[in-house]
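Visitor: okay, here's the prediction I keep looking at, along with the sequence it came from:
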Amino acid sequence: MLEVRDLSVRIGTPLGDLSLVERTDFILEAGRTLGIVGESGSGKSMLALAIMGLLPPSARTTGSIKLQGQELLSLTERELCRIRGNQIGMIFQEPMTALNPAMSIGDQIAEGLMWHEGLGRRAARQRALDLLQRVGISDARRRLDAFPHQLSGGQRQRVGIAIALACRPRLLIADEPTTALDVTVQAQILDLLAELVAEMGMGLILISHDLGVIAETADDTLVMYAGMPVEMGSSEELFSKPMHPYTRGLFEAMPGRQGPLAGKGARLQTIPGVVPEPGRRPPGCRFAGRCPYEIAACNAAVPEWSRLGQSQPARCIRLEDLP
Amino acid sequence: MKALARHPTLLLGGLVTLLLLATAFLSRVWTPAPPTQIQITRRLAPPLEAGLLGADHFGRDIASLLMAGAWNSLSIAFVAVLLGMAGGVLLGTLAAAWRGWAEEIVMRLADVTFAFPAVLSAIMIAALIGPGVTTAVIAIGVFNVPVFARVARSAALQIWERDFVLAARSAGKGALLITFHHVLPNIAGLLIVQATIQLAMAILAEAGLSFLGVGVPPPHPSWGRMLSDSQTYLSQAPHLAILPGLAIALAVLGFNMLGDGLRDVIDPKLRRKR
């Protein structure tokens, strides 16, 4: 349903072109959830905005993004407006700031319906009410006229989901939808998302830096590092046997979960260093410099996808030599 | 009411403004004497000798002149600021929405307009269409357009950076729709504050224009012309200058305080630390 091929995003700055996303390919089928995981600065959000066509004007996107066979990168802004909200919905990280403080939530949900589906005010309001009930807002009729500041964080995120789902999009992109929420509310929101994906048969791209969230929700997982996918596979495989040294590092840095390489009672590991900024990335493997298994050849060229037996593919030239 | 008690500036400014408005409206139906009635016997009479505030060089009742002058002054200021606000907000928000060359053109036009003081443009407009109320309204209105264009643009640019605008864009809304539904409601408070402060400036500008003779034409009463008329009699009858001067100062002070008070209430982040 969604097919991304060789996608890259470059942004023009006074210091020259910077590459934010590179060599990204994936396919998402309807009814499935793709988790995209990575640290801050790994290009996850840029990838989401690129699919929406909402990057700043100074950014250039190349490659191909096909939604149900339609090439999104060749569309004009006007054509994209017809697709955004209608065929692609998006949920944002901060439910606090992603809602207009000066507009009732009912109006904010109804707005998209009136705009995309040409519904009248009354019909749109009725649909907004149904949606609010569907996303689990109690006393929805009264809440329809509430303003965002009158709702709790979890309720606001439910409203955000209702807005994103209003026109029954084929594809839903959730950019860190639970990061700003309490842990208990997180689980409720993730359950709701999973339920809605199954019910509406849409594809969900779930972006998170939280491996727990991805493991719980995603069918497939894409690990991003410094603007490039480094490992990709079904969540089950990837979480039981991570291949790429970066993915392994992420797992070991996860509290409460024993990484496959860590013994019982081991100290929580960290990955030394930080994600290199765009423009300061190593020429070869982007993880070189932080990788414990680095050899000289790692810096020669960007590694191609490789597999070890039946494992999921990873961009690492040393898969065979890793412990 | 609690908000009023916590903001004395707002309370005081609001009271002064309300008083001014009431006086202006009252002058439409009642003044102590007809403001244009000439009674040469009480020429230059000091306050309380003829009427409450005395009489001017034609023996006209000053209290009545001030009241009627308030109406002229305020109505010109309101219409001019409203026009300037409509034009400026439209240009400013569109500049923020479209960015690029549209923004560049609007802002450079604003710069050009800003380069001409209101008084200068009023004299130019008066030279074209003759002095009068329309001249004053156009001159003050034009002067207000770039002020509002700048304020609206910078406020709108901040709103455009907010997540909910990104959310609106991700819902497929275009620049115009976002401007009307998301940007304008969120900058309205700021614009109201700016309008209040611009009203004070407009009252001052109108007085200046009338002083120079390009504002309200005689015999219609005007604070500015009362001031300019008083110059000849400054030593004999100083109240001729003091009273309209006080009226102007009080009006400007009232609107300024109201504007400051409103800003404190509407945007607590800008509130000055006591």
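Guide: Arrived safely. Numbers count the residues shown, from 1 in each chain, chains lettered A, B, ... in the order given.

Visitor: return the residues of chain B in contact with chain A.
Guide: Remark: the part of chain B in contact with chain A comprises B:99-100, B:162-164, B:166-174, B:177, B:181-182, B:185-186, B:188, using C-beta under 8 Å from any C-beta of the partner chain. For the C-beta atoms, the positions are set from N, CA and C on the backbone; glycine is no exception.

Visitor: out of those, list just those in helices.
Guide: Secondary structure defined by DSSP state H assigns B:100, B:163-164, B:166-170, B:177, B:185-186, B:188 of the residues of chain B next to chain A to helices.

Visitor: turn these into JSON lines, including pLDDT and neighbour count.
Guide: Compiled in JSON lines, these are given as follows (pLDDT from 0 to 100; neighbours: other C-beta atoms under 10 Å in any protein chain shown):
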{"residue": "B:G100", "pLDDT": "85", "neighbour count": "9"}
{"residue": "B:D163", "pLDDT": "88", "neighbour count": "18"}
{"residue": "B:F164", "pLDDT": "91", "neighbour count": "25"}
{"residue": "B:L166", "pLDDT": "90", "neighbour count": "19"}
{"residue": "B:A167", "pLDDT": "90", "neighbour count": "25"}
{"residue": "B:A168", "pLDDT": "90", "neighbour count": "28"}
{"residue": "B:R169", "pLDDT": "90", "neighbour count": "24"}
{"residue": "B:S170", "pLDDT": "89", "neighbour count": "27"}
{"residue": "B:L177", "pLDDT": "89", "neighbour count": "17"}
{"residue": "B:P185", "pLDDT": "92", "neighbour count": "14"}
{"residue": "B:N186", "pLDDT": "91", "neighbour count": "20"}
{"residue": "B:A188", "pLDDT": "92", "neighbour count": "14"}
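
Visitor: widest-spaced pair of the residues you listed?
Guide: B:G100 and B:A188 (25.6 Å; C-beta to C-beta).

Visitor: the chain: helices as residue ranges?
Guide: Since no chain was named, I'll use chain A. Under DSSP H, chain A gives helices at A:44-52, A:77-83, A:105-117, A:121-134, A:140-143, A:153-165, A:183-200, A:211-217, A:235-240, A:245-252.

Visitor: I was after chain B.
Guide: Counting by DSSP H, the helices of chain B are B:2-6, B:8-29, B:62-98, B:100-115, B:118-129, B:133-160, B:163-170, B:175-178, B:184-212, B:223-230, B:239-266.

Visitor: A:T270: which of these is closest?
Guide: The nearest among the helices of chain B, by C-beta to C-beta, is helix B:163-170 at 30.4 Å.

Visitor: hmm, who's touching that closest one?
Guide: A:52, A:54, A:84-85, A:88-90, A:92, A:94, A:97-101, A:111, A:160, A:163-164, B:159, B:177-178, B:181-183 (C-beta atoms under 8 Å, 6 or more residues apart in numbering or on different chains).

Visitor: weed out the non-buried ones from those residues.
Guide: The neighbour count (16 or more other C-beta atoms under 10 Å in any protein chain shown) marks A:52, A:84-85, A:88-90, A:92, A:94, A:97-100, A:111, A:160, A:163-164, B:159, B:177-178, B:181-183 as buried among the contacts of helix B:163-170.

Visitor: what residues does the stretch 51-200 of chain A put near chain B?
Guide: A:52, A:54, A:57, A:78, A:80-86, A:88-90, A:92, A:94, A:97-103, A:111-112, A:115-116, A:160, A:163-164, A:166.

Visitor: hmm, try it at 6 Å
Guide: Residues of the stretch 51-200 of chain A found near chain B (C-beta under 6 Å from any C-beta of the partner chain) are A:52, A:54, A:81, A:84-86, A:90, A:92, A:94, A:97-100, A:102, A:112.

Visitor: low-confidence stretches in chain B?
Guide: B:1-4, B:118, B:267-274 (pLDDT under 70).

Visitor: burial of B:A102, as a residue count?
Guide: By the criterion of other C-beta atoms under 10 Å in any protein chain shown, B:A102 has 14 neighbours.

Visitor: grab the nearest non-local neighbour of it.
Guide: B:A95 (6.1 Å; C-beta to C-beta, 6 or more residues apart in numbering or on different chains).

Visitor: who's in contact with that neighbour?
Guide: B:103, B:106, B:153 (C-beta atoms under 6 Å, 6 or more residues apart in numbering or on different chains).

Visitor: nearest to A:Q188 among the residues you listed?
Guide: For these, the nearest to A:Q188 is B:R153 (41.5 Å; C-beta to C-beta).

Visitor: okay, the closest one and A:G249: tell me how far apart.
Guide: 47 Å (C-beta to C-beta, to the nearest Å).

Visitor: center of chain A, which residue is that?
Guide: Central residue of chain A (C-alpha atoms, centre = their mean): A:I207, 2.3 Å from the mean position.
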